[in-house]
Each structure stands twice: as C-alpha cells, then as structure tokens.
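J.: Got a predicted structure plus its sequence, pasted below:
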Amino acid sequence: LRCPLCVEQNVLFKLKKEKFDEKLQNLNYENKIRNGKSEDEERSKVENSQVFIGENPGKITRLFIGNLSFKIDLEKLRSVIPGITHVKWITDKTSGNFYGSCFVEVNNCQTAKAAVYMDGQKLLSRPLKIRYAPARDGDVWPPEN
C-alpha cells in the first residue's frame, strides 16, 4: 500500500534502481581490483543474482523455510509443501534447541517454485518465510535423514 504521492513520483522504483546502481558500482569496483571484468559482465552478474518470488532461474530444489512454530514436525510441514525429500532442521550448536527454521530439498524445481509462491502462508498460526537456498560450497547436501 503506497500513498498517492509515492505512486505519482514512482518512489518505490527509484529506491530499487538506486540500490541496483549502488550494488553494481560496488561490484564494478571490487572486480576492477580483482580481475578487471567489464561493466556489462557485472551488470549481468547483478541482474542474475536477484531471485524473486516465483522465479527459479537455476532450477533450484533446495529451500529455506523460516518462522516455523516450535511445534512443527515433518508431517505438518509436508502437509503444506508436498514433495519434500530431505529436511535439515536448524538448531543451536551448543544447546541443540530448534531455531524455528529449516532447509528442505523437494523432488523437482516446479515443486520448489510452487513452494516459494506459498511464502507468507500460515502454518500453525505463523506466516512462513520460504526462499530459494542453493547449496553453498562445503555444504553436505542432502543431509542424512
């Protein structure tokens, strides 16, 4: 919901463009120092790094799910997101207490896309936060269940 003046002056677009330009400048500076890549390559890198809800540019099947209730279990999670093949529950390293988030692997990229569309849907009275989460270097994935 935006005020009429913001709509008239296109404030949201300007803010996004300013952030995009700032990120592009930072990447340009960093890469000139590192390896001298061209500005076009950097613009492509910034544009491709944006993952919006609903898009799945890398055919990602790993998702981050946050804001989970501490009463959640795999059965309840699968009732909202069918096709889950693996789950890694995020816990505190020292106490072992559940943090309220997890990483899941789903059976295909279409299921992942559908799950990301459910971002904000309530489960056990809490709105879910669902994002694509490609595995990082060094991650052991999928986890042992």
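T.: Sure, I can see it. Source: prediction; values computed, not measured. Residues are numbered from 1 along each chain as shown.

J.: ok, then the element right after the helix or strand of the chain with the lowest mean pLDDT?
T.: Within the chain, judged by mean pLDDT, DSSP states H and E, the helix or strand with the poorest mean is helix 39-49; its value is a mean of 45. Moving toward the C-terminus from helix 39-49, the next helix or strand (DSSP states H and E) is strand 62-66.

J.: Check which residues of that next one are buried.
T.: By neighbour count with 16 or more other CB atoms under 10 Å, strand 62-66 contains the buried residues Arg62, Leu63, Ile65, Gly66. Yep, even glycine has a C-beta here, placed from its N, CA and C like the rest.

J.: mind listing the strands for this protein?
T.: Across the chain, reading from the start of the chain, the strands by DSSP state E fall at 62-66, 84-91, 98-106, 122-123, 126-127, 129-132.

J.: What mean pLDDT does the first one get?
T.: Going back to what we said before, that points to strand 62-66. Mean pLDDT, computed over strand 62-66, is 94.

J.: and it, what other elements does it pack with?
T.: Here strand 62-66 touches strand 98-106, helix 109-117, strand 129-132, going by 3 or more CB pairs under 8 Å, 6 or more residues apart in numbering; DSSP states H and E.
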